[in-house]
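Participant: Take a look and give me a structure for this.
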Amino acid sequence: MLNTELGFVIESPALASGVAAAFDQAIPEWARELGLADGGAITWTERAHGKTTAHTREPGTGPLQRMVIGIPSILSIDWLL
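Facilitator: Take a look at the predicted model:
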């Protein structure tokens, strides 16, 4: 019911190539790739400083944060999605 996707139409070749270059260079250092391990568990893969690291827990979170984030997963909130 709520679509939060965003798209751009850039009609400037110079601006478009600058944005594309920024994404190619910077985004891999900042972003994490989500995946599924055998059994369906979520994995987080990050590529930083030329090194690839796979995580089985969300990076940068502690036990309390993961508990708070996990509470909605047991609630029946499908109608909000």
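
Participant: Next, work out how far apart residue 11 and residue 36 are.
Facilitator: Using Cβ to Cβ, to the nearest Å, one gets 38 Å for the distance from residue 11 to residue 36. Where C-beta positions appear, they are placed from N, C-alpha and C, glycine not excepted.

Participant: okay, the two: which has more neighbours?
Facilitator: residue 36 (9 against 6; other Cβ atoms under 10 Å).

Participant: now stretch 41-51: mean pLDDT?
Facilitator: Across stretch 41-51, pLDDT averages out at 88.

Participant: So for that stretch, what gets flagged as buried?
Facilitator: Buried residues in stretch 41-51, counted by 16 or more other Cβ atoms under 10 Å: 44, 46.

Participant: Ok, stretch 10-17 next?
Facilitator: Applying 16+ other Cβ under 10 Å to stretch 10-17 flags no residue as buried.

Participant: Let me see the ranges of the helices in this structure.
Facilitator: 13-30, 63-74 (DSSP state H).

Participant: Now do the contacts for the residue sitting nearest the centre point of the chain.
Facilitator: Nearest to the mean C-alpha position of the chain, counting by Cα atoms, centre = their mean, stands residue 32 at 5.2 Å. With contact set as Cβ atoms under 8 Å, 6 or more residues apart in numbering, residue 32 has these partners: 44, 45, 46, 55, 59.
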